[in-house]
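Engineer: have a look at this prediction, sequence included:
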Amino acid sequence: MRPELEAEQEVDFGRYGRTIARRWWLVALAVAAGVLVGWAVSLGGGAVYRATATVYLGQPLSPSGNAQIQSVATNPTTVNQIVRSASVTRPIAEALGVKPGKLRRGVSTKAVSGAVAKAGQTQLVEISVRGPWREESAEAANRLAETVVERVSGYVNAKIATLEPLAEAQAHELEALGARIDENEAAIASGTGLSTGERLALVNLGVLLEQRRGQLFEDSVQTTQLLTLARDVERAQVVTTAAAVEVAARSKRNSMLVGGVIGLIAGALLALLWEPLVGRRLQTRPV
C-alpha cells in the first residue's frame, strides 16, 4: 500500500506544479504587486535620523608610563553598558524632551573596524542614536559620548591631577634656581670685597646649583612627558561629534524582497484555486 500512496502523492504534486505553470501570469502579477507594496511601505515610515559620535576610550598606563594596565576603558562591553543604562539615558531624554524608552531603544554601539586591537588595547567606538528627531538625536549622541569619556577616565584624571601641580612646582623651582644662579655668577664676576675663600665658596655653590638645575630639568621633562601621555593617550576623548543624517525608516531592499516572497506564495495559491473559484462563479451566474 505504501508505494501506491507515494505514487499518488507524486502525481498530486506534479499536477499542482503544472497548474501553477499554466497560470504563471497570476504568479508574476502577484509577485509584482508584492514588490510594489513593499516599496510603498518602505516610503511610508516617516523621517528617521541617525547621529553617530566616535569615542576613543584611552589607553591607561602604569604610573611610570611604561606598561599597559587593565581598566574599564579596556573592557569591550563598557561603552554599551553605559550608554544603554536607564540611569544615563533617562536624564538625557528628560533634558531633550523625548521619551526615555524610545531614546534607549534607538541607542547602539559598534567598535570601529579596520584595525586589529591587541590584548588590553582599546579601540575607537561609535555611539549612535536613531530616532524621529534631528537635533535631539545629535545632542543625545554627543551627551552619551561625553558621559562615556567621563566615566572611563577616573584613573587617568586622578593621575593628571597629581602631575599638573608637580609640573608647576618644578617649573617654579627651575625659575627660582635660574635667578639664584644669575645672582651667584654676578657676585663672582664683580669680586668686590670678596676674599679668596669666599670666591671659592661661591664658585662651588654655583656648581651645585647647576647640578641641581640639570637634575630638576630632567625631572621636569619626564613629568611633562608623563602629563602629555596621560592627556593625549591615556585619557578617553571624543574623536568626532555627532551630526544627524536622515536614513530610511525601513530598508527598501528588504521590504521589496519580503513583499515579493509574499506575492509569490499568494500567486501560487491563487493559481491553484483559480479553477474552483472561476467554476463556482460561472455556476452561480444567472442564465
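Structural biologist: Perfect, thanks for sending it.
Engineer: residues near residue 192, how many?
Structural biologist: Neighbourhood size, residue 192 [other C-beta atoms under 10 Å]: 6. Just so you know, the C-beta spots here come from the backbone N, C-alpha and C atoms, and that holds for glycine as well.
Engineer: ditto for residue 131
Structural biologist: For residue 131, the count of nearby residues is 20 (other C-beta under 10 Å).
Engineer: just the helices from the chain, written as ranges.
Structural biologist: All helices of the chain, identified by DSSP state H, fall at 2-22, 24-43, 78-83, 86-96, 100-105, 135-152, 154-190, 196-229, 252-284.
Engineer: if I pick the nearest residue to residue 157 once chain neighbours are set aside, what's in contact with it?
Structural biologist: In this structure, residue 157 finds its nearest non-sequential neighbour in residue 235, 7.0 Å apart by C-beta to C-beta, 6 or more residues apart in numbering. Neighbouring residues of residue 235 by C-beta atoms under 8 Å, 6 or more residues apart in numbering: 58, 153, 156, 157, 160.
Engineer: try 7 Å this time
Structural biologist: Listed by C-beta atoms under 7 Å, 6 or more residues apart in numbering, the contact set of residue 235 reads 58, 153, 156.
Engineer: for it, grab phi and psi.
Structural biologist: Reported as degrees, to the nearest 10, the phi and psi values for residue 235 are phi -80, psi 140.
Engineer: excluding its backbone neighbours, what's nearest residue 103?
Structural biologist: Excluding its sequence neighbours, the residue lying closest to residue 103 (C-beta to C-beta, 6+ apart) is residue 93, at 4.4 Å.
Engineer: isn't that neighbour right next to residue 101, touching?
Structural biologist: No - checked against C-beta atoms under 7 Å, the pair residue 93 and residue 101 is beyond contact range at 8.4 Å.
Engineer: look at those two and report which has more neighbours.
Structural biologist: residue 93 (19 against 12).
Engineer: what sits against that one?
Structural biologist: With contact set as C-beta under 7 Å, 6+ apart, residue 93 has these partners: 99, 100, 103.
Engineer: tell me the most packed of those residues, by neighbour count.
Structural biologist: The most neighbours, when the contacts of residue 93 are compared by other C-beta under 10 Å, belong to residue 103, which has 23 neighbours.
Engineer: what distance do you get for that one to residue 178?
Structural biologist: Applying C-beta to C-beta, to the nearest Å, the value for residue 103 to residue 178 is 57 Å.
Engineer: buried only: go through the contacts of residue 235 for me.
Structural biologist: Buried residues within the contacts of residue 235, defined by neighbour count using 16 or more other C-beta atoms under 10 Å: 58, 153, 156.
Engineer: so for the first one, what's the pLDDT?
Structural biologist: In this model, residue 58 is scored at 90, pLDDT.
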